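J.: my questions concern the predicted model and sequence given below.
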Amino acid sequence: MASMNLNGSPRKSLWKGKAKATEEDFEDLNPVITYRHLLSQNLGVRDPLRVIALCDSDAFYAACEMNRLGVDTDTPLVVLQWDALIAVNYPARKFGISRMDKKKDALKRCPHLKVVHVATYKEGEAEPGYWDDIDTNTHKVSLDYYRRESLKIATLFKEILPGCEVEKASIDEAFIDFTKPVRELLLQRYPYLAQVPPAAPEEKSITEENANDSVQSPQKNYVRKEGETKESEPPATWHDVALSIAAELMGAAKEEVRLKLGYTTSAGISRNKFLAKLTASYKKFNSQSILRNSAIPKYLKPMQFQKIRFLGGKLGDAIAKEYDASTVGDLLTISLEEMQNKFGENSVWIYEVLRGIDRNEVKDKGSTLNKSMLASKNLPKPITKASEGYHWIRVLAAELALRLRDAREMSPNLWPKTLVLHARKGYQAGRSKQAPFPFTRDLTVDIIALAGDKLWKELVGNNTTLNVTSVQLAFTGIDVAEAGQSSIEGFLKPVSSKKRPRDSPEVNIDSHHGGPNSDKTHPNNDNSSKFSYICSRCGMDIAVPTTEDSNDHDDIFTKAKMEHDDFHFAQDLAHDSQPKKIVATSSKAAISESKPTKKRKSPPGPKGIEKFFRK
């Protein structure tokens, strides 16, 4: 069966070599818009009136520092991270300064340049700061201030753009789906579009003649905006009208961000995320650009295709070599069948993106729970002694503490299940240790660092020949804490020096002083010198020996509870992520409940375009 285009016509099946591409090689540039499209509530990514914007904050890190310091907007300023410039504001760019420059070269071009180093964590400080004694051998870079400012901008967009979906694309970018409010405004400004002509089906195009013999064209009924000159080119299609309405909304939102938060932004507006991002980079600093459907071919054809995201690297090199191509236009004459024969079924994505087709949705990731937090440091000087690791664990713990507190301000019940420590040499795989991270009401750097120190001891053991070049500390399994979750204090309190039976189970901690969810404690009928409790999850009757000292008995009981609950926690964790090995905080022994498995055959290697990407 012949392959079909989006409009239902057969796709060309023959490759025309390097023949010149035409607009026929682009699909769906002027989609038919029917009354059904106008009156439907949600048509998703195939909506012919879909309008997407990408808003990009101008020189964001530099703008954040200018706001923090309260410097004049004309002040040349750069942001430094160790020896590299990571942000250059627009006044500094007038002196020819770029992010590729060194600090000393930038100061030669502009002697009065203001240089600000990013905030850093250092041992002994719970918060990152701007220090005079910055040293990469003892400090760690912090971008937390920029993350908070980025969140303020995204939050403001959501407040002033009701009905729009807002997705944070990066720390300084956000996608905005204007489709829903644009349709509402379109029907308000052109109310006759909301009325289906008598005896006309909903599939009838709104540009066709209706029962009253009047052509509903945007040129005939275009409502000019205030200040728009008569010489301004009117929209040629209803999608152009939709883009124009979105531009009004985006312009008003950009101004609100400037007035309330002090940040200027640049925006690109088009029919999907891919084109909106390209358009946003067309003209920068407090500007916005629109890419109409009719302009897509002229905009894309001369573009170097390897500059498109995911079309660089090995895949881009392979395509360039296979077809002797460098621009998008060079590849447009290649049929889908030809491309799939060479690069597999998934290369339909390449075929479509070259034609400006992108069906990715705009999704609010803020409502999606981030399941992990990672703090890492690539060390300029490797750790060669075990004692050197504790300094970096404390520095990383400070970052995790701050980020978890920030997250809990928005969702107070968030809590991680596990703390993971990873260390490696160079680009080698490295080694990891993990342990449950119980709940505590007063989260501090000390608590995280103490737990991290235990993992470090287990990780390095008695090894005296270390060469660690990277250390990572992470929270995983972040979720809403369950009611009655145990406190970390029970893990950290001194325990009895008496050894527990070797066969006692491992796990979590819970108070034995009653409560609706507590396990039942009762005298053991077989031995009056012992107490036991019944686990609420597995029903096991766990015997706990008593002592003359009630405090010592509490410790033994708490430890037994902790060990048994850890056993269940390990089972839950193994069920979720199937780790090979889990180390419980209450024991140096590893828990391993999995049965021996048969050796599996190695999975087949990646095919098609997948082989050009690393896992």
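T.: Good, I have the coordinates. Numbering: from 1, shown residues only.
J.: may I have the top strand by length along the chain exported as CSV, CA atoms only?
T.: Counting by DSSP state E, the longest strand found in the chain is strand 372-383. Written as CSV, here are the backbone C-alpha positions of strand 372-383 (Å, rounded to 0.1, in the frame of the first residue of the first chain):
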residue,chain,number,x,y,z
SER,A,372,15.1,12.4,42.7
MET,A,373,17.5,15.2,43.6
LEU,A,374,21.2,15.0,42.8
ALA,A,375,24.2,17.0,44.2
SER,A,376,27.5,16.2,42.5
LYS,A,377,31.1,17.4,42.3
ASN,A,378,33.8,16.7,39.7
LEU,A,379,36.9,17.0,41.8
PRO,A,380,39.9,19.0,40.5
LYS,A,381,42.1,17.0,42.8
PRO,A,382,41.2,13.3,43.3
ILE,A,383,40.4,12.0,46.7
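J.: can you tell me the average pLDDT over stretch 314-328?
T.: What stretch 314-328 shows for mean pLDDT is 93.
J.: what do you get for stretch 429-438?
T.: Here the average pLDDT along stretch 429-438 is 92.
J.: can you check the pLDDT for residue 399?
T.: Predicted confidence (pLDDT) for residue 399: 94.
J.: elements contacting the helix or strand hosting it?
T.: Using DSSP states H and E, residue 399 sits in helix 389-410. For helix 389-410, the packing partners by 3 or more C-beta pairs under 8 Å, 6 or more residues apart in numbering; DSSP states H and E come out as strand 120-122, strand 139-141, helix 144-160, strand 372-383, strand 414-415, helix 445-460, strand 468-476. From N, CA and C alone the C-beta is placed, and that goes for glycine too.
J.: show residues contacting the fourth one.
T.: Taking C-beta atoms under 8 Å, 6 or more residues apart in numbering as the criterion, the residues outside strand 372-383 that touch it are 136-137, 140, 389, 392, 395-397, 399-400, 403-404, 407, 416, 423, 425, 466-478.
J.: for the stretch 101-250 of the chain, just list every one of the helices.
T.: 103-109, 144-160, 179-189, 218-221, 238-261 (DSSP state H, counting those that start in this stretch).
J.: kindly apply the preceding question to the stretch 251-400 of the chain instead.
T.: Counting by DSSP H, counting those that start in this stretch, the helices of the stretch 251-400 of the chain are 273-280, 296-300, 313-323, 328-331, 336-343, 348-353, 389-410.
J.: so what are the domain limits for this structure?
T.: Following automatic domain parsing, the chain resolves into domains at 57-146, 369-480, 498-580.
J.: right, and the ones you listed - which one's nearest residue 314?
T.: domain 369-480 (17.9 Å; C-beta to C-beta).
J.: what is the burial count for residue 299?
T.: Neighbourhood size, residue 299 [other C-beta atoms under 10 Å]: 17.
J.: contacting residues around it?
T.: So residue 299 contacts 278, 291 (C-beta under 8 Å, 6+ apart).
J.: at 7 Å instead, please
T.: Shown in contact with residue 299 (C-beta atoms under 7 Å, 6 or more residues apart in numbering): residue 291.
J.: ok, now residue 257?
T.: Residue 257 neighbours (C-beta under 7 Å, 6+ apart): 153, 156, 263, 265.
J.: among the helices of the stretch 251-400 of the chain, which comes closest to residue 84?
T.: That would be, of the helices of the stretch 251-400 of the chain and by C-beta to C-beta, helix 389-410, which comes in at 20.3 Å.
J.: which residues sit against the closest one?
T.: Contacts for helix 389-410 (C-beta under 7 Å, 6+ apart): 121-123, 125-127, 140, 142, 144, 373, 375, 377, 383, 414, 443-445, 448-449, 452-453, 456, 460, 471, 473, 475.
J.: can you dump the C-alpha atoms of stretch 453-464 in CSV for me?
T.: This file holds the C-alpha atoms of stretch 453-464, laid out as CSV (Å, rounded to 0.1, in the frame of the first residue of the first chain):
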residue,chain,number,x,y,z
ASP,A,453,29.3,9.5,56.2
LYS,A,454,28.0,6.1,57.0
LEU,A,455,27.6,5.3,53.3
TRP,A,456,31.1,6.6,52.6
LYS,A,457,32.6,4.3,55.3
GLU,A,458,30.8,1.3,53.8
LEU,A,459,31.9,2.3,50.3
VAL,A,460,35.6,2.8,50.9
GLY,A,461,36.0,0.3,53.7
ASN,A,462,39.6,-0.3,54.5
ASN,A,463,40.8,0.8,51.1
THR,A,464,44.0,2.8,51.4
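J.: which positions in it come out as buried?
T.: For stretch 453-464, a neighbour-count test (16 or more other C-beta atoms under 10 Å) marks 453-456, 459-460 as buried.
J.: do stretch 121-132 as well
T.: 121-123, 128.
J.: what does stretch 380-387 give?
T.: Result for stretch 380-387 [16+ other C-beta under 10 Å]: buried residues 383, 386.
J.: same check on stretch 71-88?
T.: Buried residues in stretch 71-88 (16+ other C-beta under 10 Å): 71, 76-81, 85, 87-88.
J.: and residue 431, which of the helices of the stretch 251-400 of the chain is closest to it?
T.: Across the helices of the stretch 251-400 of the chain, closest to residue 431 is helix 389-410 (C-beta to C-beta), at 12.5 Å.
J.: and the angle from the closest one to helix 445-460?
T.: 130 degrees (axes from the mean of the first three to the mean of the last three C-alpha atoms, to 10 degrees).
J.: what inclination does helix 389-410 have with respect to strand 468-476?
T.: Using the same axes, to 10 degrees: helix 389-410 against strand 468-476 is 30 degrees.
J.: dump stretch 262-279 to PDB, restricted to CA.
T.: Extracted C-alpha coordinates of stretch 262-279, given in PDB (Å, rounded to 0.1, in the frame of the first residue of the first chain):
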ATOM      1  CA  GLY A 262      12.400  42.900  36.400                       C
ATOM      2  CA  TYR A 263      13.300  40.400  33.700                       C
ATOM      3  CA  THR A 264      13.100  41.000  29.900                       C
ATOM      4  CA  THR A 265      12.300  38.000  27.700                       C
ATOM      5  CA  SER A 266      12.300  37.100  24.000                       C
ATOM      6  CA  ALA A 267       9.600  34.900  22.500                       C
ATOM      7  CA  GLY A 268       9.000  32.900  19.300                       C
ATOM      8  CA  ILE A 269       5.500  32.000  18.200                       C
ATOM      9  CA  SER A 270       4.500  29.300  15.700                       C
ATOM     10  CA  ARG A 271       2.400  26.200  15.200                       C
ATOM     11  CA  ASN A 272       4.500  23.700  17.400                       C
ATOM     12  CA  LYS A 273       7.300  23.500  19.900                       C
ATOM     13  CA  PHE A 274      10.100  22.800  17.400                       C
ATOM     14  CA  LEU A 275       9.300  25.900  15.300                       C
ATOM     15  CA  ALA A 276       8.600  28.100  18.300                       C
ATOM     16  CA  LYS A 277      12.100  27.400  19.700                       C
ATOM     17  CA  LEU A 278      13.700  28.100  16.400                       C
ATOM     18  CA  THR A 279      11.700  31.300  16.100                       C
END
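J.: touching it from outside, list them.
T.: Contacts for stretch 262-279 (C-beta under 7 Å, 6+ apart): 50-58, 63, 67, 153, 175, 239, 243, 246-247, 250, 254, 257-258, 280, 282, 284-291, 293, 296, 353, 356, 358, 360, 362.
J.: which positions within that stretch qualify as buried?
T.: 263-279.
J.: same deal with stretch 85-103?
T.: Quick answer for stretch 85-103 (16+ other C-beta under 10 Å): 85, 87-93, 97, 101, 103.
J.: residue 42: which of the helices and strands packed on helix 389-410 is closest?
T.: Among the helices and strands packed on helix 389-410, helix 144-160 sits nearest to residue 42 (C-beta to C-beta), with 18.7 Å.
J.: now do that closest one: which elements does it pack against?
T.: Helices and strands touching helix 144-160, as assessed by 3 or more C-beta pairs under 7 Å, 6 or more residues apart in numbering; DSSP states H and E, comprise helix 60-69, strand 165-170, strand 173-177, helix 238-261.
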